[in-house]
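A.B. asks: here are the coordinates; sequence isn't available:
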């Protein structure tokens, strides 16, 4: 049991089950154990890489789109540039670098970042400190003004509320404790005006996912029962019972006038049983093939994901090296421009000194 699970169980014991959204928020942002508060999850050393970390062009194109929108709206003198979930600040840094090419736009920007993780706020301050960002816990505290908002992979990490229909009411999914461990449950159903429009396209106590899982489980149970019947028939074929039935059919045929018909009927019955056994064996083999294919597909997916993570990390490293070289080249070019300006100044001064010497020589 993790430290966070222990803390959540204690919280549930004190205040009762918590909504699913509260559970997700604790897992993501708990000050001591939250996913986003205890470490940096991005990049090769983390768990995943986002588009801004792979290529600076992603953020630069968004920055140019915002710049065009600013021009189209008449270049308002003050705008609120905001990003929820800015990660390390890479996307905003690339976007504002491209926006700097438009005269007057940087001076109009008031930068606001919506971030709950202290760890990521520090990373954002290091990368965006020159823009004097202001941090917020949510959208509701953003200042008034023309809002230019960008976000990348933000909604997929938000805590959600989940409901299951029961009659004309809705039972909210909750997380409680059972036998010393966390467990999902449902709150008592209540009518919700915000979900009234969903009553016509939902069924009680069911979701589409549950329907699909139920159908798959039913088919799997059928296949397993058929495989079990096939296995039992294999055992039956191995003993003397089948032979006794064959002998009984033959003796009955000898005692009756239609001996041949009865014998053929008996043989047909045996053939039908054998055919059914072959069918069941085929079904059992197909079931095993499906299971093996499922396992193999899972292994292939895991291998592909591992290669994708390795490739993504290598691309991120190469992009960082390219960015470092480009920035170094820009610094060298700026220095060369400064030196050229200084040389021009020195040349002008030398020409002035030569002219002064000539003037003095003429006066003497």
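C.D. replies: Structure's in. What do you need? This one's a predicted model, so the numbers in the text were calculated from it and none came from an experiment. Numbering: from 1, shown residues only.
A.B. asks: What about the residue lying closest to residue 77 once chain neighbours are set aside, how many residues nearby?
C.D. replies: Closest residue to residue 77 apart from its sequence neighbours, by CB to CB, 6 or more residues apart in numbering: residue 108 at 5.5 Å. (C-beta placed from N, C-alpha, C; glycine too.) Look at residue 108: counted by other CB atoms under 10 Å, it has 18 neighbours.
A.B. asks: pretty sure residue 108 contacts residue 74?
C.D. replies: No. At 11.4 Å, residue 108 does not count as touching residue 74 under the criterion of CB atoms under 8 Å.
A.B. asks: what about the longest strand in this protein?
C.D. replies: Longest strand of the chain, by residue count under DSSP state E: strand 169-178.
A.B. asks: Not counting that strand itself, show me its contacts.
C.D. replies: Applying CB atoms under 8 Å, 6 or more residues apart in numbering, the contact partners of strand 169-178 are 8-9, 12-13, 16-20, 22-23, 161-165, 182-192, 195.
A.B. asks: Okay, and which of the residues you listed map to helices?
C.D. replies: Of these, the ones assigned to helices by DSSP state H are 8, 9, 12, 13, 20, 22, 23.
A.B. asks: Buried ones only from those, please, as a ChimeraX command.
C.D. replies: Applying 16 or more other CB atoms under 10 Å to the ones in helices among the contacts of strand 169-178, the buried members can be selected in ChimeraX as follows:
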select :8,9,12,20,22,23
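A.B. asks: Over to the residue nearest in space to the middle of the chain. Which of the three states is it?
C.D. replies: For the chain, the residue nearest the mean C-alpha position is residue 156 (6.1 Å; CA atoms, centre = their mean). Of the three states, residue 156 takes helix under DSSP: H, G, I helix; E, B strand; the rest coil.
A.B. asks: And it, how far from residue 112?
C.D. replies: 22 Å (CB to CB, to the nearest Å).
A.B. asks: now do residue 3
C.D. replies: The gap separating residue 3 from residue 112 is 33 Å, by CB to CB.
A.B. asks: Run through the helices of the stretch 51-200 of the chain in chain order.
C.D. replies: 51-54, 56-72, 90-99, 105-108, 118-128 (DSSP state H, counting those that start in this stretch).
A.B. asks: just those: most buried one?
C.D. replies: Ranked by average neighbour count under the criterion mean count of other CB atoms under 10 Å, the helices of the stretch 51-200 of the chain are headed by helix 90-99 at a mean of 22.
A.B. asks: need the helix or strand of this structure with the lowest average pLDDT.
C.D. replies: helix 241-255 (a mean of 60; mean pLDDT, DSSP states H and E).
A.B. asks: Out of the helices of the stretch 51-200 of the chain, the one nearest residue 349 is which?
C.D. replies: helix 105-108 (35.2 Å; CB to CB).
A.B. asks: by contact count, what packs against that closest one?
C.D. replies: With contacts taken as 3 or more CB pairs under 8 Å, 6 or more residues apart in numbering; DSSP states H and E, helix 105-108 sits against helix 56-72, helix 90-99.
A.B. asks: Using TSV, lay out these together with distance to residue 283 and mean pLDDT.
C.D. replies: Shown next, in TSV, are the helices and strands packed on helix 105-108 (distance: least, CB to CB, whole Å; pLDDT from 0 to 100):
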stretch	distance to residue 283	mean pLDDT
helix 56-72	51	95
helix 90-99	53	96
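A.B. asks: Which one of the ones you listed lies nearest to residue 269?
C.D. replies: Going by CB to CB, the one of the helices and strands packed on helix 105-108 nearest residue 269 is helix 56-72, 71.6 Å.
A.B. asks: list the helices and strands that closest one packs on?
C.D. replies: Short answer (3+ CB pairs under 8 Å, 6+ apart): helix 56-72 packs on helix 51-54, helix 90-99, helix 105-108, strand 147-149.
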